[in-house]
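# Here's my sequence, what's the structure:
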Amino acid sequence: MCYTPLIANPLSPTFYYIGIRSVSVDGVKLPIDPSVWSIDEEGNGGMVVDSGTTLTFVPESAYGEILKAFQSRVKLPGAEDPTPGFDLCVNVSGVGRPDFPRMSFELLGRRAVFGPPPGNYFIETSEGVACLAIQPVGEGGGFGVMGNLMQQGFLLEFDRDRSRLGFSRRGCARP
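Residues are numbered from 1 along each chain as shown. I've put the predicted structure just below:
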């Protein structure tokens, strides 16, 4: 298991907040200001892990960099009929195992790098169409969410006594 500290937000004590240091796509650290992942004095912002939310939501400025990184690296043709609500959809018709870029989140903690497989963030939304399952959330309030698709295939340990989140070694990657 790898561990990252759970971050307390006194204004939202029921949520499990985690700290993100950086996001990388294909091993390239994206130019995202680390402060976008912080909780402000009013309790807004931050990133929660939530099994009740399907997609992953990140602050708009982080989303712009993530989207740009995937757009420049995905080699598949755009979908003729993209799924409404998604900004990046590609045609995967006839492609047995689509080759998508790898994304990882460097979290707070020692060697805490969460590296899910591409199937956790590119989903087939209709026959032959796969879309990036990450969405923007406004930075004026609210918080980011690591949704259940991103968590699939991982054992997550919510250790409230030690105030930490553990995730299975399979998801641990080297920064």
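
# make it CA atoms for all contacts and neighbour counts henceforth
Noted.

# Tell me where the protein has helices.
60-73, 148-151 (DSSP state H).

# Return the set of buried residues in the first one.
Taking 16 or more other Cα atoms under 10 Å as the basis for neighbour counts, the residues of helix 60-73 that come out buried are 60-63, 65-67, 69-71.

# ok, residues contacting it?
Residues from elsewhere that reach helix 60-73 (Cα atoms under 8 Å, 6 or more residues apart in numbering): 25, 30-33, 36, 87-88, 101, 134-139.

# centre of the chain versus that helix, how much separation?
The chain centroid and the centroid of helix 60-73 are separated by 12 Å, computed with Cα atoms, centre = their mean, to the nearest Å.

# average model confidence for it?
Across helix 60-73, pLDDT averages out at 97.

# For Pro175, give me the pLDDT.
Here, the pLDDT recorded for Pro175 equals 49.

# ok so, going back, reformat the helices of the chain as TSV; add distance to Arg111.
Formatted as TSV, the helices of the chain follow (distance: least, Cα to Cα, whole Å):
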stretch	distance to Arg111
helix 60-73	22
helix 148-151	18
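
# Excluding chain neighbours, give the residue nearest to the most far-flung residue of the chain relative to its centre in space.
Farthest-out residue of the chain from its mean C-alpha position, per Cα atoms, centre = their mean: Gly94, at 27.2 Å. Closest residue in space to Gly94, ignoring its immediate chain neighbours: Gly128 at 7.6 Å, by Cα to Cα, 6 or more residues apart in numbering.

# In terms of pLDDT, where does that neighbour sit?
The pLDDT attached to Gly128 in the predicted structure is 95.
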